[in-house]
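*Asks:* Sequence plus predicted model, see below.
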Amino acid sequence: MKATETKLKGCFIIEPTIHEDERGYFFESYNQKDFCEAINQEVTFVQDNQSFSKKGVLRGLHFQKGEHAQAKLVSVLEGRIQDVVVDLRKNSPTFGEHLSIELKSENKKQLFVPRGFAHGFLTLSDSATVFYKCDNHHKKEAEGGIVYRDIDLGIEWKINSKNLLLSDKDQKAPTLKNYLETGQFYQNYSKK
């Protein structure tokens, strides 16, 4: 396994070691000991989530607030997505910055998103099945979101906005500036 830290501290691209031959392939999609050593921190995942989406579906940008914040390990089981994270850690040097990468089932790359980030993805292939591990249980009352088209974030989505499919909740989410004014977002910058 290879872990490469991105421009956002604590956020890593994970590349598993894949063993291929004429029969197919094998790889460890997750090994807690190797994973924690690779990112140099302890993480214990307690919940697995899976979603299926059609082309053009944009889910996000979501996060869990306060003590319910979640670190995630995101992978694509089938298809291709544009995965986007935004640093919401108030005293982080990259606060308000985002990272956009393509994850696809062919290369098996994963993205580790630490606590204190908003996360979203856009389905680029005809369909995509996304699987992600979380280190904290989901709590409905702690849900937060930032609108995908926040001008201040400047995210360049890879599909024209008129062709996107979003939930009502995601379309009506506030901007990051709204969260700055109200203080309703994750405020602690920690390695966990």
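*Replies:* Arrived safely.

*Asks:* so what's the residue nearest the centre of the chain up against?
*Replies:* Geometric centre of the chain, nearest residue: His119, 4.1 Å, by Cα atoms, centre = their mean. Residues near His119 by Cβ atoms under 8 Å, 6 or more residues apart in numbering: Gly60, Leu61, His62, Phe63, Lys72, Val74, Asp83, Val84, Val85, Val86, Val113. Backbone N, C-alpha and C define where each C-beta goes, glycine included.

*Asks:* Gly144 against Leu61, yeah?
*Replies:* No - taking contacts as Cβ atoms under 8 Å, Gly144 lies outside contact range of Leu61: 9.1 Å.

*Asks:* beta partners for the residue nearest to the centre of the chain?
*Replies:* His62, Val85 (DSSP bridges).

*Asks:* Check it and give its pLDDT.
*Replies:* If you check His119, the pLDDT there is 98.

*Asks:* Could I get the CA-only coordinates of stretch 38-56 as CSV?
*Replies:* Taking C-alpha atoms only, stretch 38-56 is exported to CSV below (Å, rounded to 0.1, in the frame of the first residue of the first chain):
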residue,chain,number,x,y,z
ALA,A,38,0.8,4.5,6.0
ILE,A,39,-1.0,7.6,7.2
ASN,A,40,0.8,7.8,10.5
GLN,A,41,-2.3,8.0,12.7
GLU,A,42,-4.7,5.8,14.4
VAL,A,43,-8.2,5.5,12.8
THR,A,44,-10.9,3.0,13.8
PHE,A,45,-13.7,2.6,11.3
VAL,A,46,-17.1,1.8,12.8
GLN,A,47,-19.5,2.1,9.8
ASP,A,48,-19.5,1.2,6.1
ASN,A,49,-21.7,3.0,3.6
GLN,A,50,-22.4,2.2,0.0
SER,A,51,-24.3,4.2,-2.7
PHE,A,52,-25.3,3.6,-6.3
SER,A,53,-25.7,6.6,-8.6
LYS,A,54,-26.5,7.3,-12.2
LYS,A,55,-24.4,9.6,-14.4
GLY,A,56,-24.7,13.2,-13.4
